[in-house]
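Undergrad: starting from these lines, generate the structure:
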Amino acid sequence: MTNQKDNRSILYFLTDTKYHVHRHVFLQLFALLYAFDVFCSVPGTLQFSIGHLFTFAAFYLIFNLTVYPNAYILIPRYLEKKKIFKYILSVIILIFICLFILALIVFFFDKQNVEYLRNADLSNIFQIMIRILPSALTLGLQIGGVAAFVLFKKWLEESQRADKLKSATLATELKFLKSQINPHFLFNMLNNANILIDEDPEMASQILIKLDDLLRYQMNDSTRDKVYLNADISFLRDFLDLEKTRRDNFEYTISKEGNINNVQVAPLLFIPFVENAVKHNVDSDDISYVNLSFAVRKNRLKFTCENSIPQKEAHKKVGGIGLVNIKRRLDLLYKDNHHLEQKKTDRMYTVNLELEL
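TA: Below is the predicted model:
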């Protein structure tokens, strides 16, 4: 049990954003320790000089060059996108830059090596390469270690995100089933249908058909990872139609713009906004409304939900998964590829949601 807790602590330290600064501080301390070795070239003594100080700075710079440009530029731009050749070429260039810095240090502060290089001719080029090779291999191993760590960290983050998404999706669906289409809602719909059987059999039949479609969608289609947008819009229309049978002064519109036939989205993504709109716009004096629009432009979907606000606030109804949960689900599903905006005036509440498809 203790080992499992320790492993989790390490994983959280490596992946959690709140430890972002701590990780960089730890890395810089390691870099300083790594570079400090130049003062200990002779065992048992510390040597300080201008040359050692510049060598220390060079080693510290080289260590950071093998980490930060690699982790934040080369790996995201090339390695993660499977551009292996470009990544290898970029790594070779980075190694040459680091070797050039080392060569400058050697030229200015290591007279013995400078004299050796001056006396070397083409017949000794192999010996020169042998002297350079260990440094190049060391740099390559450092860069490879950084790449392995970054890819491992990314794999951990994706695994954790997938687990969180699965848990959040299941929790959202369960809460939705329990609160949105709850027994009280079903009882009202069935009771309305029962009353209308004699007075308006056709209306009663329509209520039962829409209620059947509503529940069938929730129990079957909504369990998938993706659903067609048209199917989700039909679900919203059935929900609003049922709401309309319960209220005399209620109107709604649903508009579509662009080619949405092949657009797929996460299921039950828009119903929390519609549920919230319906729940807070009950007005006994004036006609209340809900207007929905879906527009697809340049691989982006814009969803707008507008609802009227009554002059007299109605009592808050119980139920609904709430906008806090839908925000959390959007963060897990679409990360930085979505934008949610909410506006409220005296008589209207508006939600604008943009998704990158």
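Undergrad: where does pLDDT dip in the stretch 251-357 of the chain?
TA: Where the stretch 251-357 of the chain drops to pLDDT under 70, the residues are 283-284, 313-323.
Undergrad: quick check: Lys81 vs His280, distance?
TA: Distance of Lys81 to His280, computed by Cβ to Cβ, to the nearest Å: 45 Å. (C-beta placed from N, C-alpha, C; glycine too.)
Undergrad: have a look at the two and say which one is more surrounded.
TA: Per other Cβ atoms under 10 Å, whichever of Lys81 and His280 has more neighbours is His280, with 17 against 11.
Undergrad: can you give me the helices in the stretch 151-300 of the chain?
TA: 183-199, 201-219, 229-246, 271-279 (DSSP state H, counting those that start in this stretch).
Undergrad: winner for burial among these?
TA: Per residue and on average, the most neighbours among the helices of the stretch 151-300 of the chain fall to helix 271-279, with a mean of 22 (mean count of other Cβ atoms under 10 Å).
Undergrad: got the CA positions of that one in PDB?
TA: Below are the C-alpha coordinates for helix 271-279, written out as PDB (Å, rounded to 0.1, in the frame of the first residue of the first chain):
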ATOM      1  CA  ILE A 271     -29.100  19.300 -23.200                       C
ATOM      2  CA  PRO A 272     -27.800  20.800 -19.900                       C
ATOM      3  CA  PHE A 273     -27.900  24.300 -21.500                       C
ATOM      4  CA  VAL A 274     -31.400  23.600 -22.800                       C
ATOM      5  CA  GLU A 275     -32.500  22.100 -19.500                       C
ATOM      6  CA  ASN A 276     -31.200  25.200 -17.700                       C
ATOM      7  CA  ALA A 277     -33.000  27.500 -20.100                       C
ATOM      8  CA  VAL A 278     -36.300  25.800 -19.700                       C
ATOM      9  CA  LYS A 279     -36.000  25.600 -15.900                       C
END
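Undergrad: show me how far it is from its chain's centre.
TA: 25 Å (Cα atoms, centre = their mean, to the nearest Å).
Undergrad: and that helix, what other elements does it pack with?
TA: On a contact count with 3 or more Cβ pairs under 8 Å, 6 or more residues apart in numbering; DSSP states H and E, helix 271-279 meets helix 229-246, strand 288-297, strand 300-308, helix 322-334, strand 348-356.
Undergrad: okay, those in CSV with distance to Val150 next?
TA: Formatted as CSV, the helices and strands packed on helix 271-279 follow (distance: least, Cβ to Cβ, whole Å):
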stretch, distance to Val150
helix 229-246, 36
strand 288-297, 35
strand 300-308, 30
helix 322-334, 22
strand 348-356, 24
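Undergrad: out of the ones you listed, which comes closest to Lys256?
TA: When those are compared by Cβ to Cβ, strand 288-297 sits nearest Lys256, at 5.1 Å.
Undergrad: and the contacts of the closest one?
TA: 229, 233, 236, 240, 247, 249-260, 263, 270, 274, 277-278, 281-282, 301-308, 310, 357 (Cβ atoms under 8 Å, 6 or more residues apart in numbering).
Undergrad: what inclination does that strand have with respect to helix 229-246?
TA: Interaxial angle of strand 288-297 relative to helix 229-246 (axes from the mean of the first three to the mean of the last three Cα atoms, to 10 degrees): 170 degrees.
Undergrad: partner strands of strand 288-297, parallel or antiparallel?
TA: Applying DSSP bridges, strand 288-297 is found paired with strand 250-257 (parallel), strand 300-308 (antiparallel).
Undergrad: please point out which parts of the last one sit buried.
TA: This points to strand 300-308. Across strand 300-308, burial judged by 16 or more other Cβ atoms under 10 Å covers Leu301, Lys302, Phe303, Thr304, Cys305, Glu306, Asn307, Ser308.
Undergrad: output the residues you listed in a markdown table; the columns should cover distance to Ala136.
TA: As requested, these are arranged in a markdown table below (distance: Cβ to Cβ, whole Å):
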| residue | distance to Ala136 |
| --- | --- |
| Leu301 | 50 |
| Lys302 | 52 |
| Phe303 | 54 |
| Thr304 | 58 |
| Cys305 | 60 |
| Glu306 | 64 |
| Asn307 | 66 |
| Ser308 | 71 |
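Undergrad: nearest to Leu94, out of the strands paired with strand 288-297?
TA: Across the strands paired with strand 288-297, closest to Leu94 is strand 300-308 (Cβ to Cβ), at 36.6 Å.
Undergrad: how about the secondary structure of Lys81?
TA: coil (DSSP: H, G, I helix; E, B strand; the rest coil).
Undergrad: look up how far Leu89 lies from it.
TA: For Lys81 relative to Leu89 (Cβ to Cβ), the value is 14 Å.
Undergrad: what of Arg297?
TA: 38 Å.
Undergrad: what do you get for Val278?
TA: Counting by Cβ to Cβ - Val278 and Leu89 are separated by 58 Å.
Undergrad: Leu340 reaches Leu330, doesn't it?
TA: Yes: counting by Cβ atoms under 8 Å, Leu340 touches Leu330, with 6.5 Å between them.
Undergrad: give me the common contacts of the two.
TA: Leu353.
Undergrad: give me the below-cutoff pLDDT ranges for the protein.
TA: 1-8, 11-12, 14-15, 41-45, 106-132, 168-196, 198-200, 221-223, 283-284, 313-323.
Undergrad: for the helix or strand containing Gln28, buried residues please.
TA: Using DSSP states H and E, the element containing Gln28 is helix 20-36. Applying a neighbour-count criterion of 16+ other Cβ under 10 Å, one finds Ala31, Ala35 buried in helix 20-36.
Undergrad: and that helix, what does it pack against?
TA: Checking 3+ Cβ pairs under 8 Å, 6+ apart, helix 20-36 ends up next to helix 2-15, helix 50-69.
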